[in-house]
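Participant: Here's my sequence, what's the structure:
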Amino acid sequence: QGFNKYSRTIRILNIWQYNQKNVKKKSIAAKIAAKTHTSQKMVLKDILPYLKPLFKTEKGKDVAKFFDFDDVELAYLKN
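Facilitator: Sure, this is the predicted structure:
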């Protein structure tokens, strides 16, 4: 008797949007993890929060040179 409205799932779209929002953070974590021999998950959780304030000082340039960050990644870390 009733009418059921069916719609496409947007779950995959939401996952894609979340990944695009965090692609910079993941690329930074991948570079740090490769140089420090740790996992990306550990970098995101334990190391990255301590590195962000460092990039607001002059020592951030040396760290960025060591990890080979590009301009987009540096801009993310400075904000």
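Participant: from here on, contacts and neighbour counts on C-alpha atoms
Facilitator: Will do.
Participant: contacting residues around the lengthiest helix in the chain?
Facilitator: When the chain is parsed with DSSP state H, its longest helix is helix 23-36. The set of residues external to helix 23-36 that reach it, using C-alpha atoms under 8 Å, 6 or more residues apart in numbering, is 39-41, 43-44, 48, 67-69, 72-73, 76.
Participant: please redo it, this time with the cut-off set to 10 Å
Facilitator: Residues outside helix 23-36 that contact it (C-alpha atoms under 10 Å, 6 or more residues apart in numbering): 19-20, 37-45, 47-48, 66-70, 72-74, 76-77.
Participant: Which residues belonging to that helix are considered buried?
Facilitator: Of the residues in helix 23-36, 24-26, 28-33 count as buried by neighbour count, 16 or more other C-alpha atoms under 10 Å.
Participant: And the next helix or strand past that helix?
Facilitator: Later in the chain than helix 23-36, the nearest helix or strand by DSSP states H and E is helix 40-42.
Participant: tell me the mean pLDDT for that following helix?
Facilitator: Helix 40-42 shows a mean pLDDT of 95 in the predicted model.
Participant: Show me what that helix is packed against.
Facilitator: Using 3 or more C-alpha pairs under 10 Å, 6 or more residues apart in numbering; DSSP states H and E, the elements in contact with helix 40-42 are helix 23-36.
Participant: now the helix it packs on: mean pLDDT?
Facilitator: Across helix 23-36, the average pLDDT comes to 94.
Participant: and what of stretch 64-72?
Facilitator: Mean predicted confidence for stretch 64-72 is 92.
Participant: Any figure for the gap between the residue nearest the centre of the chain and Asn14?
Facilitator: By C-alpha atoms, centre = their mean, the chain has its centre lying nearest to Lys25, at 1.1 Å. As judged by C-alpha to C-alpha, to the nearest Å, Lys25 and Asn14 stand 18 Å apart.
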